[in-house]
Every structure is written in structure tokens, then in C-alpha cells.
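Asker: got a predicted structure plus its sequence, pasted below:
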Protein chains: 2
Amino acid sequence: MPELRKDPISGRWVIISVERGKRPTDFISPSQKRKLGGFCPFCPGNEHTTTQEIVAFRPSSTAPNSPGWTLRVVPNKFPALQIHGELNRTGDGVFDKMNGLGAHEVIIENPEHQLSLATMPQKAVEDVLWAYYFRLMDLKKDFRLKYVLIFKNEGEIAGASLEHSHSQLIALPIVPTSVKEEIDTSKKYFDDKERCLLCDIISQDLESGKRVISENSKYVAIAPFAPREPFETWILPKKHESSYAPSDKSFTDLAEILQRTLRQLDRVLDTPPYNFILHTSPFKDEVNDYYHWHIEIVPKLTRTAGFEWGSGFFINPTPPEESAKFMRDAKI
Amino acid sequence: MPELRKDPISGRWVIISVERGKRPTDFISPSQKRKLGGFCPFCPGNEHTTTQEIVAFRPSSTAPNSPGWTLRVVPNKFPALQIHGELNRTGDGVFDKMNGLGAHEVIIENPEHQLSLATMPQKAVEDVLWAYYFRLMDLKKDFRLKYVLIFKNEGEIAGASLEHSHSQLIALPIVPTSVKEEIDTSKKYFDDKERCLLCDIISQDLESGKRVISENSKYVAIAPFAPREPFETWILPKKHESSYAPSDKSFTDLAEILQRTLRQLDRVLDTPPYNFILHTSPFKDEVNDYYHWHIEIVPKLTRTAGFEWGSGFFINPTPPEESAKFMRDAKI
């Protein structure tokens, strides 16, 4: 019989089809391997076709917006939000709105067009994680901004409009609803038990082992108990950390487990499209006991997302205990 | 400058790109027109290939599961939930689960393979709406069930696995999170103002007119203030009604405005894929002052849904005031 499972953090219910569990080969999804050839604005030599860089990792002998870089951060050419002006909140009868103040940036992860986060050198993945951190620290200084959403769309089906590996960030004058809900639930749990909800989940999952995909000294990768999509994977620090600001100032272990997880996904699902989203505490309350930052990776394998985000209700044909096993067994 | 808008009912924020508002022709989406030819289990003559019908509209001279019907309701051949057994709620440490008790049914809307809800006779649309009502009334008798989600996936991109026009229902032993959130927000608003939130929205929108698409004596079709997707459209009863159980026991006006809206969408967006979802009060509190049933129609035009349902944050390149105008001007 199928099973209804509740995600403890978001409160959403998911139907897991335990009986007719779909295997990786049941998902038909075009491989997202990169092709060479054609013009790419993110490739070295084409820096003049992007907006002016905000930050770049490059030798001091090279000029901004010229080749020689290993990573660049540029404003999105078609920004969803704009950084200039005063924040203006207004009402219109029953409706609330504000002007679209914020930032929308693109992190061009490395110069090589054909590399993905799974295939680039691990040091390059570490640089991407540092870039996220530097941008968070910088945008935090702007008191108008309340939250920064860092995310990645890999593959056209997952929303990537350019093939060259990149992440994005959107800095917002509000905390988005789904972040607020997670924070509220975690706070309520802490008020009740004086323990962090995700710390409890990690400890329970590490003990049972059945949903654990991999771990290293600092992080664990798990298939969450109530995943929205098959092969959804979360990466979490094993010790409590409320924000994306590791206490030991190192991203080596995170780069290692993130890349390992993406390689496992590529192996098991033949380079699938995916989204990942960094979940971290809002600026206002960055250091706290109740919220636990993490990364959620959601492969885009099924086509029912339209109905599902409309209803908040998910049907997942692969139990996480099975997907975790496929991931653990992947030869990478 | 773009605008951040809050949907009053769900609480979600949406970025509306007011400046670079996309026109209908900017959305590339394959037309969902139906093709004839090939085997279809929903076509007359193939009744033996579906599960046994639960209800059918057919002359009394015809036998169940044989041709002659104008509408059939059958259990989904691959049900997400099953109707047999006791409901069993269990915990596993921090996690909550229950067995997948419920129902998953398919409403085969009419016998003609090539017709859609937009192109079938209006009387056939009325029959579909009656079928929804009959199934709700019947499933309500089962005390184990708390909510029935009625929805439609039109087109492969929107999740339809068969082309022949059909809707689905999923009967659940819980109220889904997004329904619960809408109910809670509406209740809170009512407690505060002693008015229904959606009644207030309808009255404000009818007064300004800028987001109104069409109306008839009983219903209004609007582009909501903070739509998740371009051309999202809601159909609501103008007078307060908490559940999908019209006081005058007629679906004529609803069929008229629903079909008119779908024809406008087909005209403006060249037969786009879409999802629609019926939002109604849970069985437990069907008659109330605070919740207002309605239908949400969401065309599937953009590809960023993956990130967006992950973050609960939406970017919509077409302001509803513009989409409403395109819809109003459509020659149907």
C-alpha cells in the first residue's frame, strides 16, 4: 500500500508509492551533458557581453572583465529585481506590494564551458561555495535586504537558459513564505523540546542509516523522509549551524560531499536536470539555536510539478530508502 | 521597476516584471491540440481496457462498461492511494506517516477523443461539473476522508499522460498543507474583519475592473493580483459560497464562464498546456463564512517551476493587468 508521509519542516504531505517504486531507469529525462560550439557569453573572451563583474577570482595581473579569471559574479542581464532606490511598501485595499528592490546576480562557476559542478576540479567547487559566502556577507550590509536566495538551475528543463555552469542569487527585501514557514516550524519545535528539529532528524537518520547517502567528517547527505521528487537529496552540517557561515572557515568538506552527491546523481540518473537551493537563516536572526542551514537538491524527473505546486501536494513514485540505496551503490 | 506582490490568501510573494512584461507571443509552448489515430483506452469501444466504472452518464438501455456513455468515472488504473482498509497513523521518531488510504479517480469528460473542455458542447462541460459534485457528495460519506482534490492536467507538459480529455480526483485522509494555509488565512481575516477575504478581493477587483476578465450573473473570472504564472486565472462565485455545492443546484453559469475562459486562453496562447485545481472547504467545515470556493487555472508557460516550487518564490514576467486585457480582447 502507498504511504502518506509528512515533511516535518515544511509540513507538506507526500504520497510515496512504496509498491510500484520506480527505478532510476524508469525516468526518461534527456541527459544534460554540455555541448561545445556556438557562442557563449559566459566563456572567456566574451566578458564584454556580460554586465560588469561585481567580484571575480583572477590573478591581480589581469584586468576586470577580461580573460584570466577562474570565477566571476555579474549582475543578471535581465534582473528580476533592481538594487537602486528606496524600499517603498504600499497597500492597495486588500493587497500588499512593494517596489522590486533587491539584487539578482549570476555566479559563473568556472571558465571551462563543458564542465559541470560534478565534473570540474573539486577546488573549483570550493571556490563557488566561497563566492556564495562572500556575496552573502556583502549583501548583508544592505539593511534594506532581508534574505538572499542562492540557487542553481542545471539543465534547460530545470530552468537554465544558458548551458555554461552557473548559479544565481536573488536578494530580497522580504523573507520568502517557504523560508518563513521552515523557520517558524523549527522555532516552535525548539520552544517545545529545546532541541533543533534538523539536528534530531540527522541523529535519527544517522542511527537508522537507511536514508543516508554519504557522510564525511562535517556533513551528511540524506534522502529526506518525505521527498517531493524522486532522488531528492539534502546536504546538512552534522553539528548545529544556523547559517551558511561555517565556524571553521573552510568549504573543503562541503565541496567534497556536494560534488560526490552530484556525481552520484549523474551516474544513477544519467546527468539529470536539477535545481538546488541553499536554505539558511534570514539576516535578522543569523545565529540561533533552532534553524539548521542545508542544501536541497531536487532532480527534475517527473512532469507533474504544475499540479503539485498548485496544490502543495506531492506524489513521489520512489521511496527515499530506495533512492538512497541506488545513490550509495553508484560507482563514481 | 519590477514589483513585489503578496497573494493575500496563500501569503506567497511574487515578483512581477512590470517593465519587460512578456506578451502572449513571447511564450513558446507547443500547441496541445489533439491528434486522432492510435489506441486510446478512454475512447468508446475500449471500455474493457479501463477499470470498472464507478459512475457513468449513459442511457439506461446501455450496459455499464460498454459504449453509449457521455461521461465515465473510473478508478485510476495506477492509483496513488487505495480505498480499502483501516486508516493507520503512525510515528517513527520525529516523522509522521499513515498508510495511503484514499481514492484516485479519473473523470473521462466526453466520448469524443478530439474535443477539449474548450471545444466540447457547453452541456458536456456542465456534465463534467456535475460529475465533480456527485463524486464529492459520495466520497464525503466516507468518514475516513478529509478532503477531495479535484484537478485537471491538460497537455503532456502539464502532466497529462493520456490525450483524451479527463480530470482527476484524489480523496485524502488529511487536508493538504496549501489548503490548510488558505483556510487558516481566510479564517484569521474573518476573525479580524468579519468579512470573507475573497469576497473583499472580488469586490475590490470588480470595482477597479483592471484584472477582471469576464463575468456572468453568478461568476467572475479574474487575473489574480499576485499570479505565479503568466495568464493565471481564477473563477469565483460572486456571492459568498464556502463549498463547491451551488445553492441553486445549477452548473450552467459555471460551465459557461469556465468554457469561455478556456477558449480565451486557447486563443491568446495557442492552446497552451495548463493545470486547474478546484479549491473548496474541507468536509469537516463545509458551510462557513470565511472560505470562498473557486477554481484556479494555471497555464504552464515557463520552465522555472522547479526552482520556484522549491523556494516558494515566483517570478512572473506578465502583470495580471496586462494578461487580463489580452484575455478580454480575445475574439472567441
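Answerer: Okay, I see it.

Asker: who touches stretch A:63-74?
Answerer: Under the contact criterion C-beta atoms under 8 Å, 6 or more residues apart in numbering or on different chains, stretch A:63-74 has outside partners A:44-45, A:47-48, A:50-59, A:61-62, A:105-111, A:124, A:127-128, A:131, A:135. (C-beta placed from N, C-alpha, C; glycine too.)

Asker: for stretch A:107-117, same thing?
Answerer: A:32, A:34, A:36, A:40, A:42-44, A:50, A:67, A:69-74, A:120, A:124-125, A:127-128, A:131-132, A:135, A:152, A:154, A:163-169, A:258-259, A:262, A:266, A:271.

Asker: ok, stretch A:246-258 next?
Answerer: Contact partners of stretch A:246-258, identified using C-beta under 8 Å, 6+ apart, comprise A:117, A:122-123, A:125-126, A:128-130, A:133, A:214-221, A:235, A:237, A:241, A:295.

Asker: which stretches of the stretch 201-332 of chain A aren't confidently modelled?
Answerer: For the stretch 201-332 of chain A, applying pLDDT under 70 flags the ranges A:303-306, A:309.

Asker: would you map the helices across it?
Answerer: With helices called from DSSP state H, counting those that start in this stretch, the stretch 201-332 of chain A shows them at A:252-269, A:305-311, A:320-329.

Asker: quick check: which of those is buried the most?
Answerer: Greatest average neighbour count among the helices of the stretch 201-332 of chain A goes to helix A:305-311 (a mean of 24), per mean count of other C-beta atoms under 10 Å in any protein chain shown.

Asker: look up how far chain B lies from the nearest residue to residue A:41 once chain neighbours are set aside.
Answerer: Ranked by C-beta to C-beta, 6 or more residues apart in numbering or on different chains and with sequence neighbours excluded, the top spatial neighbour of residue A:41 is residue A:49, at 4.3 Å. For residue A:49, the distance to chain B under the criterion C-beta to the nearest C-beta, to the nearest Å works out to 19 Å.

Asker: tell me the pLDDT of residue A:49.
Answerer: We note a pLDDT of 96 for residue A:49 in this prediction.

Asker: so what does it have for phi and psi?
Answerer: Dihedral pair for residue A:49: phi -90, psi -10, per degrees, to the nearest 10.

Asker: surely it touches residue A:40?
Answerer: No: taking contacts as C-beta atoms under 8 Å, residue A:49 lies outside contact range of residue A:40: 9.2 Å.

Asker: and those two? which has more neighbours close in?
Answerer: Neighbours per residue (other C-beta atoms under 10 Å in any protein chain shown) separate residue A:49 from residue A:40, with residue A:40 holding more: 16 against 12.

Asker: assign that one to helix, strand or coil.
Answerer: With DSSP: H, G, I helix; E, B strand; the rest coil as the basis, residue A:40 sits in coil.

Asker: which ones are touching residue A:200?
Answerer: A:189, A:193, B:93, B:94.

Asker: quick one: the residue sitting nearest the centre point of chain A from chain B, how far?
Answerer: Per C-alpha atoms, centre = their mean, the C-alpha nearest to the average position across chain A is that of residue A:277, at 2.1 Å. The spacing between residue A:277 and chain B, counted by C-beta to the nearest C-beta, is 5 Å.

Asker: now residue A:316
Answerer: In this structure, residue A:316 and chain B are separated by 10 Å, where distance is defined by C-beta to the nearest C-beta.

Asker: right, and that residue touches residue A:12 too?
Answerer: No: with contacts counted by C-beta under 8 Å, residue A:316 stays clear of residue A:12, the gap being 11.2 Å.

Asker: tell me which of the two has more neighbours.
Answerer: residue A:316 (27 against 19).

Asker: near chain B, which residues of the stretch 1-150 of chain A are found?
Answerer: Residues of the stretch 1-150 of chain A that fall close to chain B, judged by C-beta under 8 Å from any C-beta of the partner chain: A:1-6, A:8, A:10-13, A:15-18, A:20, A:78-82, A:85, A:93-101, A:149.

Asker: mind redoing it with 6 Å?
Answerer: Within the stretch 1-150 of chain A, the positions near chain B by C-beta under 6 Å from any C-beta of the partner chain are A:1-6, A:8, A:11-13, A:15, A:80-82, A:93-100, A:149.

Asker: mind checking which of those residues are in strands?
Answerer: With strands taken from DSSP state E, the overlap with the residues of the stretch 1-150 of chain A next to chain B comprises A:3, A:4, A:5, A:6, A:13, A:15, A:95, A:96, A:97, A:98, A:99, A:149.

Asker: adding neighbour count, distance to residue B:283 and pLDDT, write those residues out as CSV.
Answerer: CSV is the format used below for those (neighbours: other C-beta atoms under 10 Å in any protein chain shown; distance: C-beta to C-beta, whole Å; pLDDT from 0 to 100):
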residue, neighbour count, distance to residue B:283, pLDDT
A:3, 18, 22, 91
A:4, 24, 17, 94
A:5, 26, 22, 95
A:6, 19, 20, 95
A:13, 23, 17, 92
A:15, 23, 19, 92
A:95, 17, 31, 95
A:96, 18, 32, 94
A:97, 19, 35, 93
A:98, 18, 38, 93
A:99, 19, 42, 90
A:149, 24, 37, 95
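
Asker: which of the residues you listed lies closest to residue A:183?
Answerer: Residue A:183 has its nearest neighbour among those in residue A:149, at 13.9 Å by C-beta to C-beta.

Asker: what helix or strand is the nearest residue to the closest one once chain neighbours are set aside located in?
Answerer: In space, and not counting its chain neighbours, residue A:149 is closest to residue A:170: 4.8 Å by C-beta to C-beta, 6+ apart. With elements taken from DSSP states H and E, the one containing residue A:170 is strand A:166-172.
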